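Colleague: Mind looking at a prediction? Sequence and model below.
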Amino acid sequence: MRKNQAEGELISPPDTLRKKVGGKLGPANMEAIAKAEAALSNLSENFDTWICDEVDKLEVARKAVLEEGLGGDAGQDLFNAAHDLKGLGTTYGYPFVSGMADSLCKITLEKEIRAKASIALVSAHVDSIRAVVRGHIKTANNPVGQALLKELSDRATEFLAKA
């Protein structure tokens, strides 16, 4: 081995990110934050309608899965709908929807694993999400929501351990 190979070479990349981003951030613009919160508050009256629309998309995806199976495009569409709900649930005031959709995403993320998933487990997730929205279960300490989420998460974990 040559001497310079044994010692190695230290490469210091240029710090171009700092130049592009700039220096320290200034103080938060409280007026802009207040405007954003007001806009969000005005939109919040639409949240229940919007979450129902998203749950309907999940239901359409489930129906396609029941006809075509989880392995193909229908399975991917189901994952996509669940992924959207994972992000939107808490935003729209339904934290259990986010948790249940996250559990559904875990079992439908990868095509090979998704193809092995039980339709009953998938349907249990979809039915539970729909029940939470229909029941307007919005508080994180709701015992029904907690029980549903725990059971779904436990079953998803069991499935993934075997997959």
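Modeller: That came through fine. Computed from a predicted model, the values in this text were never measured in an experiment.

Colleague: Mind telling me what element Asp53 is part of?
Modeller: Taking DSSP states H and E as the criterion, the element that holds Asp53 is helix 47-68.

Colleague: Quick check: what element follows that helix along the chain?
Modeller: Counting by DSSP H and E, the element after helix 47-68 in chain order, helix or strand, is helix 73-91.

Colleague: Point out the other elements, helices or strands, that that next one touches.
Modeller: Contact here means 3 or more Cβ pairs under 8 Å, 6 or more residues apart in numbering; DSSP states H and E; on that basis helix 73-91 packs against helix 47-68, helix 95-108, helix 111-116, helix 119-134. The C-beta positions use only the backbone N, C-alpha and C, and glycine is treated the same way.

Colleague: Kindly state which of the ones you listed is positioned closest to Leu149.
Modeller: Closest of the helices and strands packed on helix 73-91 to Leu149 is helix 95-108, at 4.8 Å (criterion: Cβ to Cβ).

Colleague: re earlier: ok, and what's touching the helix holding Asp53?
Modeller: Contacting residues not belonging to helix 47-68 are listed as 74-75, 77-78, 80-82, 84-85, 88-89, 91-94, 97, 119, 122-123, 126, 129-130, 133, 136 [Cβ atoms under 8 Å, 6 or more residues apart in numbering].

Colleague: One more pass at 6 Å, please.
Modeller: 74, 77-78, 81, 84-85, 88, 92-94, 126, 130, 133 (Cβ atoms under 6 Å, 6 or more residues apart in numbering).

Colleague: That concludes my questions; thank you for your assistance.
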